[in-house]
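1. Predicted structure and sequence below. I'll ask about it afterward.
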Amino acid sequence: MHGLTQRQSKFLNLLLKNESFVPIKDYAAILSISERTAHKDLKQLEIFVLSKKAVIEKVPRKGIFLTNKNYLEEAVSNQSEYQINEWNHSPFERQILIAKDLLIHSETLSYQLLSEKFLVSKTSIANDFLQIERMIKSSDVTLVSDNLGTRIVGKESNIQKAIKNFAYSIIEQADQANDFRLKFPELCYQFLAREMVEKITFLLQHNQNFNIEKLSDNYFQSLILSTSILLIRIKNGFHLEKQVYFLFEDVESLKTYLLTKELVDQLQSETDFKMTENDFDYLNKQLIAHGFEPKLKDFILKEQYDALVKKIIADMSISVKIDLTNDQQLYSNLMYHLISMIYRLKMNIPVKNPLLAEIKSEYSVLYSTTWLILTKVETELAIQIPEDEIAFIMIHFQGAIDRASKNKKILIVCPTGIGTSELIANRMRRILFPQDILEVVSLRTFYQRDLSNVDLVISPVKINQSSVPIVYVSALMSKEDLKKVSSMYLDLFYDQIEPQPVKKFVSLGKIIDARLIYLNKNFSSKEECIARISQDLLKFDLVTADFEKSIWEREKLGVTDLPTGAAIPHPPPEVVKESRLVVMTLEKSIRWHTRMINTILMICIAEEDLKSVKSMLSELYSIVESKKTIELLFFNKSKKAVFIELGGKIFD
């Protein structure tokens with residue numbers, strides 16, 4: 001009956017049949033339940049019959065009797081109004097209800113109360129818990145039973161994994177997985193909230209920017225489940241713990257960052273929930289793990305920007321010396337991002353890149369290369385691209401380079417402090433191929449993360465793992481250590497390739513100019529430094545009249561000072577007639593943006609030299625990444641010594 005268990009329905013039928021008072025213990029005996037359970041059911045029945053204008057009278061030592069039965073009997077005969085709850089007829093359905101309280105709501109459950117609720121023995125309830133545990137056994141969660149009851153214990157990410165595993169068990173038994181896009185198995189709605197699942201499905205299917213057609217049914221189903229479970233748990237007050245990722249994994253996930261933000265904005269406008277930064281990061285990782293991609297349906301806009309996007313890709317291909325022109329994924333991602341970015345900039349809607357600082361530090365060469373190439377876009381579209389947007393666009397290029405060059409991901413383990421590992425990293429960058437990704441990680445992070453995407457580990461301490469090749473080196477990274485790493489690197493990845501000799505400052509040597517080396521100057525402000533450099537560049541006819549203005553415009557959009565005490569202001573190519581490197585050192589440090597600096601390295605690259613920009617920037621960043629390198633190259637040196645050190649050939 002509607003709102004009643006099968007046992008309570010039987011109890012009501014007995015009351016309807018009896019024409020006199022009957023002790024409650026007699027009803028308990030007939031129903032094979034305890035008097036305590038009978039009294040509990042009686043409370044439910046009193047509420048129910050009262051809604052039908054009937055009353056259960058109680059008389060001490062006589063029992064209970066149902067009065068004013070006529071209307072109630074008429075309602076009972078109408079089977080459309082009375083549907084008996086059949087949960088206790090199906091163990092699996094009973095397990096769904098138990099799992100909902102246990103997993104979705106994280107409740108602590110009692111064997112006794114569950115036994116009374118479902119009219120089954122405690123042994124049956126114990127078996128239900130065993131079946132639930134079997135369905136979620138791969139989720140790294142635990143069912144704990146003690147005096148308080150039975151509950152789920154584990155990290156939130158693993159609990160959500162357990163919920164998803166249980167949902168898959170329902171789907172498999174419902175045998176409707178192949179029809180998932182059209183109809184979610186009805187049985188699942190007893191476990192997951194129908195409203196949330198349908199809302200997520202609708203948003204993903206009807207947003208014109210979400211390219212879900214490429215997703216297989218299995219991937220689409222998995223994405224719906226993961227997203228729905230996340231939001232249901234958030235609404236119940238549970239949030240994800242902070243996940244630890246390698247930087248290259250975080251950078252990879254930025255490809256879907258703006259799509260995730262759009263989805264979250266839609267959900268928050270229609271649903272009452274508050275997502276934390278960890279929740280957002282988890283959802284973003286889910287989208288990229290499922291192959292989520294943007295889609296551009298406006299073919300007029302696509303046609304309008306087609307030539308521009310292809311030109312950007314061609315310029316980057318020349319700069320990094322890797323052909324990216326046939327990468328359709330890169331083309332689609334850039335087209336979507338460019339059009340969205342133009343809209344954001346014209347509508348003054350800023351967007352923040354959460355990994356901007358890390359990208360500028362660890363991907364400095366590609367970041368600066370991307371900015372130099374995009375300066376043409378700024379001129380053509382009359383916009384200024386902020387550094388957050390540049391970093392997002394760089395991610396698409398990094399992904400394309402990864403696909404084209406099959407770069408290697410190499411970790412340097414930091415056991416005690418960052419200094420030792422940074423020393424190793426700086427020396428390793430001299431012998432590795434430029435496209436390879438080198439990342440310094442703590443020992444704790446190393447042990448926490450999945451290493452399946454890591455190709456090589458370099459460590460000054462012993463590590464307990466065997467899945468990835470490891471090279472052990474000394475903390476000072478001696479020449480013998482470099483040879484050891486080079487040997488393993490070549491054996492593992494480049495058996496047929498001879499190691500390339502290190503060529504120090506070959507590209508910078510072509511653009512160093514003795515007239516533009518200023519040592520130990522007494523300038524007291526950033527304005528004085530830039531003014532002096534601009535005046536001389538203009539006097540030597542190396543730049544256009546708009547040069548200084550363009551420098552200041554770029555300074556407004558992003559920070560160009562570094563923690564090592566150097567500033568690297570760089571103008572757009574269209575204001576540069578001939579490529580030059582400007583070197584200036586100061587007797588006293590000055591404040592540039594947020595940091596005190598004593599060295600300015602301004603690299604001016606003309607459009608005709610963009611093909612060499614990557615090598616120029618690689619050499620420049622090899623200088624500014626270390627305070628010690630800056631001091632050795634520029635301080636207590638003559639102008640001639642600096643000129644020769646940077647690869648200059650003829651000193652006038």
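-> Received it, and whenever you're ready, just let me know what you need. Quick caveat, the model's predicted, so the values are computed rather than measured.

2. And stretch 10-28, what's buried?
-> 10-12, 15, 22, 24, 27-28 (16 or more other CB atoms under 10 Å). (Each C-beta comes from the backbone N, C-alpha and C, glycine too.)

3. where along the stretch 51-200 of the chain do the strands fall?
-> Using DSSP state E, counting those that start in this stretch, the strands found in the stretch 51-200 of the chain span residues 55-59, 63-67, 142-146, 149-153.

4. The chain now?
-> Using DSSP state E, the strands found in the chain span residues 55-59, 63-67, 142-146, 149-153, 409-414, 437-442, 456-459, 470-472, 512-521, 566-567, 580-591, 596-604.

5. Please convert those to a markdown table, extending it with mean pLDDT and distance to residue 548.
-> Output for the strands of the chain, formatted as a markdown table (pLDDT from 0 to 100; distance: least, CB to CB, whole Å):
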| stretch | mean pLDDT | distance to residue 548 |
| --- | --- | --- |
| strand 55-59 | 89 | 92 |
| strand 63-67 | 89 | 96 |
| strand 142-146 | 91 | 66 |
| strand 149-153 | 93 | 64 |
| strand 409-414 | 82 | 41 |
| strand 437-442 | 80 | 36 |
| strand 456-459 | 85 | 44 |
| strand 470-472 | 86 | 49 |
| strand 512-521 | 94 | 15 |
| strand 566-567 | 92 | 15 |
| strand 580-591 | 94 | 13 |
| strand 596-604 | 93 | 11 |
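
6. Would you mind putting the buried residues of stretch 10-28 into TSV with distance to residue 414 alongside?
-> Listed next are these as TSV, based on distance: CB to CB, whole Å:
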residue	distance to residue 414
10	69
11	69
12	70
15	75
22	78
24	72
27	72
28	69
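
7. Output the strands of the chain in JSON lines; the columns should cover mean neighbour count.
-> As requested, those are exported to JSON lines (neighbours: other CB atoms under 10 Å):
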{"stretch": "strand 55-59", "mean neighbour count": "13"}
{"stretch": "strand 63-67", "mean neighbour count": "17"}
{"stretch": "strand 142-146", "mean neighbour count": "13"}
{"stretch": "strand 149-153", "mean neighbour count": "18"}
{"stretch": "strand 409-414", "mean neighbour count": "22"}
{"stretch": "strand 437-442", "mean neighbour count": "19"}
{"stretch": "strand 456-459", "mean neighbour count": "21"}
{"stretch": "strand 470-472", "mean neighbour count": "16"}
{"stretch": "strand 512-521", "mean neighbour count": "18"}
{"stretch": "strand 566-567", "mean neighbour count": "24"}
{"stretch": "strand 580-591", "mean neighbour count": "18"}
{"stretch": "strand 596-604", "mean neighbour count": "22"}
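
8. so can I have CSV of these showing distance to residue 221?
-> Listed next are the strands of the chain as CSV, based on distance: least, CB to CB, whole Å:
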stretch, distance to residue 221
strand 55-59, 49
strand 63-67, 50
strand 142-146, 26
strand 149-153, 24
strand 409-414, 31
strand 437-442, 33
strand 456-459, 36
strand 470-472, 39
strand 512-521, 60
strand 566-567, 52
strand 580-591, 56
strand 596-604, 51
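
9. can you tell me which of those strands comes nearest to residue 379?
-> Closest to residue 379 of the strands of the chain is strand 596-604 (CB to CB; 16.4 Å).

10. List the strands paired with the closest one, with their directions.
-> strand 566-567 (parallel), strand 580-591 (antiparallel) (DSSP bridges).

11. out of those, nearest to residue 272?
-> strand 580-591 (46.0 Å).

12. How about residues contacting the closest one?
-> 508, 511-513, 516-526, 529, 532-533, 537, 542, 565, 596-604, 620, 634-635, 642, 646 (CB atoms under 8 Å, 6 or more residues apart in numbering).

13. ok, now stretch 106-119?
-> 5-7, 33, 37, 40, 87-88, 94, 97-98, 101-102, 121-122, 124-126, 128, 148-152, 159, 236, 238.

14. If any of the residues you listed are buried, give me the PyMOL selection for them.
-> Buried residues within the contacts of stretch 106-119, by 16+ other CB under 10 Å, are selected in PyMOL with:
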select buried, resi 5+6+7+33+37+87+88+94+97+98+102+124+125+128+149+150+151+152+159+238
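
15. out of the strands of the chain, nearest to residue 313?
-> strand 437-442 (21.0 Å).

16. what angle sits between the closest one and strand 409-414?
-> Angle, strand 437-442 to strand 409-414, by axes from the mean of the first three to the mean of the last three CA atoms, to 10 degrees: 30 degrees.

17. from the chain's centre, how far out does strand 437-442 sit?
-> 18 Å (CA atoms, centre = their mean, to the nearest Å).

18. Backbone dihedrals for residue 650, please?
-> phi -120, psi 120 (degrees, to the nearest 10).

19. do residue 649 as well
-> phi -100, psi -50.

20. Surely residue 392 and residue 336 touch.
-> No - between residue 392 and residue 336 there is no contact under CB atoms under 8 Å: 11.1 Å.

21. Compare those two and say which is more crowded by neighbours.
-> Per other CB atoms under 10 Å, whichever of residue 392 and residue 336 has more neighbours is residue 392, with 24 against 21.

22. related to what we said a few turns ago, with respect to residue 324, which of the strands of the chain lies nearest?
-> strand 437-442 (17.1 Å).

23. Summarise which helices and strands the longest helix anywhere in the chain is packed against.
-> In the chain, taking DSSP state H as the definition, the longest helix is helix 299-320. With contacts taken as 3 or more CB pairs under 8 Å, 6 or more residues apart in numbering; DSSP states H and E, helix 299-320 sits against helix 328-346, helix 364-381, helix 387-405, helix 613-624.

24. looking at those helices, which is closest to residue 549?
-> That would be, of those and by CB to CB, helix 364-381, which comes in at 13.3 Å.

25. What is that closest one packed up against?
-> Short answer (3+ CB pairs under 8 Å, 6+ apart): helix 364-381 packs on helix 299-320, helix 387-405, helix 613-624.

26. Reformat those as a markdown table; add mean pLDDT and distance to residue 591.
-> A markdown table is the format used below for those (pLDDT from 0 to 100; distance: least, CB to CB, whole Å):
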| stretch | mean pLDDT | distance to residue 591 |
| --- | --- | --- |
| helix 299-320 | 85 | 33 |
| helix 387-405 | 87 | 19 |
| helix 613-624 | 86 | 18 |
